[in-house]
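[1] Here is the input, now give the coordinates:
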Amino acid sequence: MNELEKAIESMDFEYFATGQHKIAPETLLLNQDAILLDVRSKEETETVKFPLKHHASVLEIPLHEIPARLNEIPKDKHIGVFCSSGIRCVMGFLYLKSKGFEAKYLSEGLLGLADYLR
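    The predicted structure follows:
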């Protein structure tokens, strides 16, 4: 059984029912030991930036680059994966979980993050 299969097997009803897979923007951003992993494309991050100077750190790695840049993501931090629509962040979250990272995805996407930062 490979790492992805093991990660998926560990995600039973209780895992999803208790919300262990997601995190609210305010919970992640108030944690100084956290990283917001922005998996949007380079074009998207150039258009809308989230400079979180007084919050968690931001790491911009497009989803398709994560396997090649995995060593840039610290394993000793809480990772909140973010994208604009919710699809790529779930894919990134699952990939990171399969690689042993403490990861969750932002539950409210772009609008939730922007609303929190207002």
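[2] Any idea which helix or strand in this structure has the lowest mean pLDDT?
    Least confident helix or strand, the chain: helix 109-117 with a mean of 73, by mean pLDDT, DSSP states H and E.
[3] list the helices and strands it packs on?
    If you count contacts as 3 or more CB pairs under 8 Å, 6 or more residues apart in numbering; DSSP states H and E, helix 109-117 packs onto helix 25-29, strand 78-82. To be clear about C-beta, it is placed using only N, CA and C from the backbone, and glycine gets the same treatment.
[4] Quick check: mean pLDDT of the next helix or strand after the last one?
    The reference is to strand 78-82. As assigned by DSSP states H and E, the chain's next helix or strand after strand 78-82 is helix 87-98. Helix 87-98 carries an average pLDDT of 94.
[5] What pairs with the helix or strand following helix 87-98, parallel or antiparallel?
    From helix 87-98 onward toward the C-terminus, using DSSP H and E, the following helix or strand is strand 103-106. Looking at strand 103-106 with DSSP bridges, its partner strands are strand 22-23 (parallel), strand 78-82 (parallel).
[6] can you give me how far strand 103-106 is from the chain middle?
    Distance, stretch centre to chain centre, for strand 103-106: 4 Å (CA atoms, centre = their mean, to the nearest Å).
[7] Flag the shaky bits of this protein, pLDDT-wise.
    51-55 (pLDDT under 70).
[8] So what pairs up with the residue nearest to the spatial centre of it in the strands?
    By CA atoms, centre = their mean, the mean C-alpha position of the chain lies nearest to Val81, the distance being 0.9 Å. Beta-bridge partners recorded for Val81 (DSSP bridges): Leu37, Tyr105.
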